[in-house]
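> here's a sequence, model it:
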Amino acid sequence: MTNVYHIVQFQSGDAYAFFHGCHWKCSYCVRTLGLWDLGLPEDVRNELDKLWLQGRVKFLSIEEVVAILKESGVRLAFFGGGEPTIDRELKPLIKRLKEEGIDVWLITNGELLDEELVGMVRGITFSIKALDDGLHRRITGRSNRTVLENFKRFVGSGKVVAETVYVKGLVECDEVLRIARFIASLNPETTFRIDPLVQNPPYEEVDSCIKEVMKILPRTYRIMATKGEPPNLLYPRIG
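Coordinates of the predicted model:
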C-alpha cells in the first residue's frame, strides 16, 4: 500500500494526491487544519472526517491510484501531503503512472530527494522553511543542513521551484530575503514562490516583500486566492 489517502481533481484536469505522514513537525503545518483539501466545501470535509473516524478511509495501492487517475483523464498529478518522499512505494508509483502517460509534480521538504527521484518527475516544489538553522529547528524540529545541500545539488536540474511560507512573527521578510539571496547565489533564474500562511495570511506584507525579493529573484510570485469551483473529489467517495 502507498501512503495516499485522498485525491482531488482541479478544474484544469490536474489532480492532487495527498500522502499521509511526515518526518518533520512543522509548527504551522496546514494539515493541522484538517486532513482534506481545504478547497472542498466544509460539509464535504465534515463527511470525510466521519469516514476517517469510522475507519472507512483506506490507503490506496499503486494500482488503485493509477486506476483513479487514469479513469479521470489526469495527465499531471501533484504529490503532496504530508511528505511523499517517506513513502516506500513512491518510486514504483511514479514509474507506473509514467507507463500510463501521467506525469508527477512533487511537493517536498527536499530532505530525502535523490537523483533517481528527481529524474522521474516533471517538476519539484522544493520548500525551504528557513535559511537560519536555529530558526529551521524551531519550526521543524530538524536541521536544514541536508535540505540546503540537496537544494544546491538539484537546483540546476531545471525542475525545481523554490518555495517558502511567510509566517508573521516567525518567517518574515528579512528571512525570506536571506533565502532569496541563497537561491540567487546558485541560480538567479530560479522561480520562487512565497506562500502566505493559510491560517492567517498577511497578504499585504507578503506582496510588499515580494517586490523586494524580485530585485534578487525576478521570477518570484505567490498563488492568488480565488473563489472558483471547488475541486472534484476522487477519493474517498462519499455515499
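
> only C-alpha atoms from now on, for both contacts and neighbour counts.
Will do.

> quick one: G239 from E47, how far?
Per Cα to Cα, to the nearest Å, G239 is found 9 Å from E47.

> looking at those two, which is more packed in?
Neighbours were tallied for G239 and for E47 using other Cα atoms under 10 Å; the higher tally belongs to E47 (13 against 4).

> and R219, what does it touch?
189-192 (Cα atoms under 8 Å, 6 or more residues apart in numbering).

> now the buried members of these.
Among the contacts of R219, those scoring as buried are 190-192 (criterion: 16 or more other Cα atoms under 10 Å).

> what would the residues you listed look like in JSON lines with pLDDT?
Output for the buried ones among the contacts of R219, formatted as JSON lines (pLDDT from 0 to 100):
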{"residue": "T190", "pLDDT": "98"}
{"residue": "T191", "pLDDT": "98"}
{"residue": "F192", "pLDDT": "98"}
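
> out of the residues you listed, which is nearest to E83?
F192 (19.9 Å; Cα to Cα).

> where does pLDDT dip in the chain?
Within the chain, the stretches with pLDDT under 70 are 225-226.

> who touches the strand or helix carrying F182?
Element membership of F182, judged by DSSP states H and E, is helix 173-186. Residues outside helix 173-186 that contact it (Cα under 8 Å, 6+ apart): 128, 130-132, 152, 155, 164, 166, 190, 192, 206, 209, 212-213, 216-217.

> biggest separation within these, which pair?
Farthest apart among the contacts of helix 173-186 by Cα to Cα are K152 and V206. That separation is 25.3 Å.

> give me the more crowded residue out of the two.
V206 (24 against 15).

> am I right that F78 sits in a strand?
Yes: assessed with DSSP: H, G, I helix; E, B strand; the rest coil, F78 lies in a strand.

> is it true that it touches V104?
Yes: the criterion here is Cα atoms under 8 Å, and F78 meets it with V104 at 5.8 Å.

> who touches the residue most central in space within the chain in this structure?
By Cα atoms, centre = their mean, the chain has its centre lying nearest to I107, at 3.4 Å. Taking Cα under 8 Å, 6+ apart, we find I107 in contact with 78-81, 83-84, 124-127.

> in ChimeraX, how would I select the buried members of the residues you listed?
Typed into ChimeraX, the line below selects the buried ones among these, using 16+ other Cα under 10 Å:
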select :78,79,80,81,83,84,124,125,126,127
